[in-house]
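*Asks:* this one's sequence-less:
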């Protein structure tokens, strides 16, 4: 069973036999895809999505919120790093053209 919550952005919760799996997802630009783990990049209807997930055994509001924040922060860092690498590549290509 999957659940989403409007007060937690990009959040999904999957109840399973081991507790719950917390998911966070962020839309990404196509040029960022090659700088992120292919296991975590998915194609949605209109966008590419970078998603991280973590299994938790003890399901309560405090644990869910803590894991959500941890995953969202990690996802934002990874996406910003991927964007930085993509921009550095574009800068390099522009420098090559100008010489």
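*Replies:* Now that the structure is in, tell me what you want to look at. Predicted model, so just to flag it, every value in this text is computed and none were measured.

*Asks:* Tell me how many other residues crowd residue 69.
*Replies:* 12 (other Cβ atoms under 10 Å). Glycine gets a C-beta too; all of them are placed from N, C-alpha and C.

*Asks:* mind checking which helix or strand it is in?
*Replies:* Assigning secondary structure by DSSP states H and E places residue 69 in helix 61-98.

*Asks:* For that helix, which residues meet the burial criterion?
*Replies:* 64, 67, 68, 71, 72, 75, 78, 79, 82, 86 (16 or more other Cβ atoms under 10 Å).

*Asks:* Out of the helices and strands in this structure, which is least certain?
*Replies:* strand 2-4 (a mean of 68; mean pLDDT, DSSP states H and E).

*Asks:* List the strands paired with the helix or strand following that strand, with their directions.
*Replies:* Next helix or strand after strand 2-4 toward the C-terminus (DSSP H and E): strand 11-16. As defined by DSSP bridges, the strand partners of strand 11-16 come to strand 2-4 (antiparallel), strand 19-28 (antiparallel).

*Asks:* which stretch in those is the model least sure about?
*Replies:* Lowest mean pLDDT within the strands paired with strand 11-16: strand 2-4, at a mean of 68.

*Asks:* quick one: low-confidence parts of the protein?
*Replies:* 1-5, 9, 99 (pLDDT under 70).

*Asks:* again, 90 this time
*Replies:* 1-10, 44-46, 95-99 (pLDDT under 90).

*Asks:* For residue 70, give me its contacts.
*Replies:* By Cβ atoms under 8 Å, 6 or more residues apart in numbering, the contact list for residue 70 reads residue 54.

*Asks:* Against residue 31, how distant is it?
*Replies:* 27 Å (Cβ to Cβ, to the nearest Å).

*Asks:* coming back round to it: most packed of the strands paired with strand 11-16?
*Replies:* Stretch with highest mean neighbour count among those: strand 19-28 (a mean of 19; mean count of other Cβ atoms under 10 Å).

*Asks:* just checking, residue 40 touches residue 51?
*Replies:* Yes. The pair residue 40 and residue 51 passes the contact test of Cβ atoms under 8 Å, sitting 5.7 Å apart.
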